[in-house]
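**Student:** show me how the following folds:
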Amino acid sequence: MANAPLSPTGTLAPKVEGDAVGTPPRGKHRMLKKTPGDRAVDIVIGVLIALILASVIYPLWFIVIASFSDPRAVATGQVTLLPQGIGFGGYELIMGDGRIWTGYRNTIIYAVVGTALNLLVTLPAAFAMSRREFKPRRIIMFLFAFTMFFGGGLIPSYLLIKQLGLLNSMWVFILPSAFSVFNMIIARSFFESSIPEELHDAAQIDGLSYFGYFLKIVLPLSSAIIAVIGLYYFVGHWNDFFTGLIYVRDQQLQPLQNVLQQILMANQSQQAAGGSIGQSSGDAQQFADQIKFGVIIVASVPLLVLYPLLQRYFNKGVMIGAVKG
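**Tutor:** This is a model prediction of the structure:
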């Protein structure tokens, strides 16, 4: 009884089973029972999530099955969940065109070389902007941000590209887009919030310069953000069609997106010509409908394969630095 706790009045307090006031007794875990209202809310949330998921997945699934279904079945609404009248005429026409392989080769070169140059420029700039001892960083960041809101426009950009000698050159796909202020800001936030300053102090004690600290310590710890902004840059290069449309006339330099656009427009013209001269609409519709969906698949498959490989880095790299504390 000597070790028994005293109550505020000085009398012996009754023994309470458990570690602390408000905690459940040891070995006993009480689970809160859901009320009917809670279950109704859970059901509503589940239904909403299922509807949102279906609204995202179904259009993708429809494009896939429509790309090798009978165009007449697609046009009449018979294709909903499963393909009808399976045929690969559209894919045979697309993949049989030699321009497709030339476009794939060009796009892969532009995307790989462009992404490497993007990372080579963006990461050091972001690291410099993250250092508090770098005094001009506020002025430089203001100049960087200024370019995000104001630009010269299409005609001045075209004249600049022409004077630089980049017209009809592969470098027009790479050099003008070598730096993205948005991606630099993401990388800078990562460096500021995720790389402890104590590492820099230890590196200075070991005699590392800023350059050595960046290469040997910061970059190995930044795989998540490198994967994220690398994916951003790669997707941007892969989907770039405007550059080839404006600045390139050489067909051997056209990227995949422009090649697919040319094939689609050519077959739409054939459809219109076939209908006007009274030919059977079967072939014309085959060229118009199946190619329309097949082109989407051909252009999207590489990115759909690449994204799952980087998905484990994606959420981590984007969210780090978003929440302080």
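
**Student:** what's around N168, how many residues?
**Tutor:** Using other CB atoms under 10 Å, N168 is surrounded by 12 other residues. Bear in mind the C-beta positions are built from the backbone N, C-alpha and C, glycine included.

**Student:** ok, now V305?
**Tutor:** Neighbours of V305 (other CB under 10 Å): 9.

**Student:** one more: V295?
**Tutor:** For V295, using other CB under 10 Å, the count is 22.

**Student:** for F241, see how far away the nearest residue to it once chain neighbours are set aside is.
**Tutor:** The shortest distance from V295 to any non-neighbouring residue, by CB to CB, 6 or more residues apart in numbering, is to L260 (4.6 Å). Distance, L260 to F241, using CB to CB, to the nearest Å: 9 Å.

**Student:** how about Q311?
**Tutor:** For Q311, the distance to F241 - CB to CB - is 26 Å.

**Student:** compare neighbour counts for L260 and F241 and give me the winner.
**Tutor:** In this view L260 and F241 are compared by other CB under 10 Å, and L260 has more residues nearby, 23 against 16.

**Student:** got a list of what that one touches?
**Tutor:** 94, 100, 103, 295, 298-299 (CB atoms under 8 Å, 6 or more residues apart in numbering).

**Student:** what helix or strand is it located in?
**Tutor:** helix 256-276 (DSSP states H and E).

**Student:** would you say D240 is within a strand?
**Tutor:** No. D240 is assigned coil when assessed by DSSP: H, G, I helix; E, B strand; the rest coil, not a strand.

**Student:** for A54, see how far away it is.
**Tutor:** Between D240 and A54 the computed distance is 31 Å (CB to CB).

**Student:** now do L303
**Tutor:** For L303, the distance to A54 - CB to CB - is 22 Å.

**Student:** between the two, which has more neighbouring residues?
**Tutor:** L303 (14 against 11).

**Student:** check which element follows the helix or strand containing E92 along the chain.
**Tutor:** For E92, the element it lies in under DSSP H and E is helix 89-95. Remark: after helix 89-95, the chain's next helix or strand is helix 98-130, criterion DSSP H and E.

**Student:** what pLDDT does I139 get?
**Tutor:** Note for I139: predicted pLDDT of 94.

**Student:** got phi/psi on it?
**Tutor:** Per-residue torsions, I139: phi -70, psi -40 (degrees, to the nearest 10).

**Student:** and it, how many residues sit next to it?
**Tutor:** 9.

**Student:** for the one 5 residues further on, same thing?
**Tutor:** Here the number of neighbours of F144 (other CB under 10 Å) works out to 17.

**Student:** that one in helix, strand or coil?
**Tutor:** Reduced to three states by three-state DSSP, F144 is helix.

**Student:** can you check A178 too?
**Tutor:** A178 ends up coil, using three-state DSSP.

**Student:** separation between it and F214?
**Tutor:** 19 Å.

**Student:** which one's more surrounded, the two?
**Tutor:** Neighbour comparison, A178 and F214: the larger count goes to F214, with 20 against 14 (by other CB under 10 Å).

**Student:** so where's the chain uncertain?
**Tutor:** Across the chain, the ranges flagged by pLDDT under 70 are 1-32, 268, 270-289, 313-325.

**Student:** report the central residue of it.
**Tutor:** Y232 (5.2 Å; CA atoms, centre = their mean).

**Student:** okay, P308 and L231: tell me how far apart.
**Tutor:** Taking CB to CB, one finds P308 at 11 Å from L231.

**Student:** which one of those two has more residues nearby?
**Tutor:** Of the pair P308 and L231, L231 is the one with more neighbours under other CB under 10 Å, namely 20 against 9.

**Student:** how about the nearest residue to the more buried one, chain neighbours excluded?
**Tutor:** Closest to L231 by CB to CB, 6+ apart is L310, at 5.3 Å.

**Student:** that neighbour - how many residues pack around it?
**Tutor:** 16.

**Student:** for it, what are its contacts?
**Tutor:** Contacts of L310 (CB under 8 Å, 6+ apart): 227-228, 230-231.

**Student:** doesn't it lie inside a strand?
**Tutor:** No. Counting by three-state DSSP, L310 is not found in a strand; it is helix.

**Student:** ok, it to R99 distance?
**Tutor:** Here the criterion is CB to CB. By it, L310 lies 29 Å from R99.

**Student:** can you check T35 too?
**Tutor:** 64 Å.

**Student:** host element of K33?
**Tutor:** Using DSSP H and E, no helix or strand contains K33.

**Student:** that one: how many residues sit nearby?
**Tutor:** Close neighbours of K33, defined as other CB under 10 Å, add up to 6.

**Student:** repeat that for D70.
**Tutor:** Counted with other CB under 10 Å, the neighbours of D70 add up to 22.

**Student:** now the nearest residue to it once chain neighbours are set aside: phi and psi?
**Tutor:** Leaving aside its sequence neighbours, D70 sits nearest to G85 (CB to CB, 6+ apart; 2.9 Å). Phi and psi for G85, reported as degrees, to the nearest 10, are phi 60, psi 60.
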